Structure formats: C-alpha cells, structure tokens
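Visitor: Need a 3D model of the sequence below.
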Amino acid sequence: MAEGKSARYRENLQGEIDGASLYRALAEAETDPKLAEVYHRLAAVEDSHAEYWRKQLVKLGARVPGLKPGSRTRALAFLARRFGPAFVLPAINTLEQTDSGVYDKQPEAVAGGLPQAERSHARILSVIADGKTGLAGGAIARLEGRHRAMGGNALRASVLGANDGLVSNLSLVMGVAGAEASSGSLLLTGLAGLVAGACSMAMGEWLSVNSSRELYSKQVATEAMELEEVPEEEKEELVLIYQAKGLGEAEARALADRLLSDKSTALDTLVREELGFDPEELGGSAWGAAGAAFVLFATGAIFPVAPY
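Guide: Below is the predicted model:
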C-alpha cells in the first residue's frame, strides 16, 4: 500500500514540476508584462504544490527523486519560445481542463486544498486562451436584455428542428408514396410523422437543457461553497483573471476587493468570470428550447405533407 502511495506521490510531483516549468517558459516568452506576471504566479503555485508532494514522500519515508520536466513539457516550452505562447496555448489549455479534476479523489490533495487551485488554474488559462479582454458582445447583449428570446439553446433547437423535420418527414412520405399508397394514407402518414417527430425533438431538447441547468446549478453551489470557505483564494482567482484581461495588479486587486465586499455580487461575478455563464439563466430555458424545437420541426415537416 505504501509503495502504491509513493508511486502516486511521485507521479503528482512530476505533474507539478512539469506545470511549473511550462508556466515559467510561457512567462519568459510572453511580451505582455501583465500576462507574464500571471504566468510567474501560476508557476509559483505549482512549485508550492511540488513541495507539498515532496513533504508527503518524506512523511512516507520514501526517497524524494530529483525529477526534471518531461519530454512533452520540454517540447511545448520550446514551441512557446520559438513561436510565442499563443501558438501552444490551445494545447496547454486542453491539458489543463483535462487535468483539473485529477486531485478530486485523492484525500491528501483535498486536505491540502489542491483541487481548488488546479480548477482555478484551468479557469484562468481558459480566460487567457480565449484571447479577449473586457466583455464579449454576446455578454453585453445579455446584460442589456437584448436577444434573450433567441438564446443559444433555442437557436440551436430551431435550426436542428427545422432541418430534421424537413428531411425526416420528406423521407417518410416519399417512402410511403413509393408503395403507391392513397393520398389519404400519405396525409395520415405525414401528419403522424410530424407529431411524433416534433414531440421527440421537443423532449430531447427539454432533457438536454434540463441536464445542463442541473450541472450549472451544481457548479454555482460549488462556487458559493468555495467563496464561503476560502474567500482569499477566490479573490486571487479574480485578480489573476482581471490581470489576464489586461488590468494592472493594483487595479485588478482593487476591483476584486470591491466585488467581494458583497457576497451576492461576488458570487454572481465569480460565476460569470470563472465559469462563463449567467447564473440567472443557467444556460437558458428548457421549456423555451423544447417549444422552439417542436414548432420548428413541425414547420419543416409540414412541407412534404402540404401537397396532400
């Protein structure tokens, strides 16, 4: 059992050494001093995590290896120095998102608060990789109240619903027409296909959006818990995110202090900035998406039936 633990600790140590080395390489290659500072601070956190795992190995009585960055890390660092951080950011962001939950089921890591830090790094890197500063146009439109009636879920449901209704019902009617059925039979077949398909599409959209809303609700609850238990860590996340968006450290820290002075405002801001969705909408209305899917499927499906 101790041998299995020491192997896991060494693997974790290697991951933190790789992360620290990669962030330092990004800092060296970054021309924007504010972003470079963000990378340096992320590297410092990874160094502290590496030290944590070294201490765990010492407690276990295992040998602490002198590890170096792995080949993948060295390759990414070389590409960052050669072509700039933007060249490798998508790949690094993907790796961070994949590894953000690696500590969730490790009791030693949970006790040390490492899972929250890793998720924070993933969110910060996602903001940097997005390459945008300030609020995107879609976010501004949502804040102003425009375009609410046709959000992402409803629009997607509409396009897919109309396309599916037209193609599926046309195929159904053409198949039955090929069997030389009467006009009445063709009409009944087309209407049955329309109703069945529209109901199926609406139910699928309702389940899909409802599942997304449940996931978003869970993420908001987790963020609220972290804000209550580790407010300083949440503050540092906001500071790094605003620095990544182009603010100086002093401005970012002042803004974070002002936002975190009110818990409800702080939670709303953290959800928008870190998780990337509106906590009031939670990804849109399930009934709205279902209704749009039903109507648009029926609209597409009525064309093959109309001649009869």
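Visitor: From now on I want contacts and neighbour counts done on CA atoms only, so please keep to that.
Guide: Fine.
Visitor: So, low pLDDT: which residues of this structure?
Guide: Scanning the chain for pLDDT under 70 picks out the ranges 1-2, 131-161, 273-277, 279-281, 283.
Visitor: For the residue of it most remote from its centre, give me phi and psi.
Guide: If you look at how far each residue of the chain sits from its centre, by CA atoms, centre = their mean, the farthest one is residue 182, at 52.6 Å. With angles defined as degrees, to the nearest 10, residue 182 sits at phi -70, psi 160.
Visitor: ditto for residue 307
Guide: phi -60, psi -20.
Visitor: Distance of residue 258 relative to residue 228?
Guide: According to CA to CA, to the nearest Å, residue 258 and residue 228 sit 16 Å apart.
Visitor: again with residue 82
Guide: Using CA to CA, we find residue 82 at a distance of 43 Å from residue 228.
Visitor: which secondary structure elements does the strand or helix carrying residue 196 contact?
Guide: Using DSSP states H and E, residue 196 sits in helix 183-229. On a contact count with 3 or more CA pairs under 8 Å, 6 or more residues apart in numbering; DSSP states H and E, helix 183-229 meets helix 152-178, helix 263-270, helix 286-305.
Visitor: Could you export the last one as PDB, CA atoms only?
Guide: This file holds the C-alpha atoms of helix 286-305, laid out as PDB (Å, rounded to 0.1, in the frame of the first residue of the first chain):
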ATOM      1  CA  ALA A 286     -35.600  24.100 -21.100                       C
ATOM      2  CA  TRP A 287     -39.200  24.800 -22.000                       C
ATOM      3  CA  GLY A 288     -38.100  27.500 -24.400                       C
ATOM      4  CA  ALA A 289     -35.800  25.100 -26.200                       C
ATOM      5  CA  ALA A 290     -38.400  22.400 -26.300                       C
ATOM      6  CA  GLY A 291     -41.100  24.700 -27.600                       C
ATOM      7  CA  ALA A 292     -38.700  26.100 -30.300                       C
ATOM      8  CA  ALA A 293     -37.800  22.500 -31.300                       C
ATOM      9  CA  PHE A 294     -41.400  21.400 -31.500                       C
ATOM     10  CA  VAL A 295     -42.600  24.400 -33.600                       C
ATOM     11  CA  LEU A 296     -39.600  24.400 -36.000                       C
ATOM     12  CA  PHE A 297     -39.700  20.600 -36.500                       C
ATOM     13  CA  ALA A 298     -43.400  20.900 -37.300                       C
ATOM     14  CA  THR A 299     -42.700  23.800 -39.700                       C
ATOM     15  CA  GLY A 300     -40.100  21.800 -41.600                       C
ATOM     16  CA  ALA A 301     -42.200  18.700 -41.500                       C
ATOM     17  CA  ILE A 302     -45.400  20.300 -42.900                       C
ATOM     18  CA  PHE A 303     -43.800  21.000 -46.400                       C
ATOM     19  CA  PRO A 304     -43.800  17.400 -47.600                       C
ATOM     20  CA  VAL A 305     -47.400  17.000 -46.300                       C
END
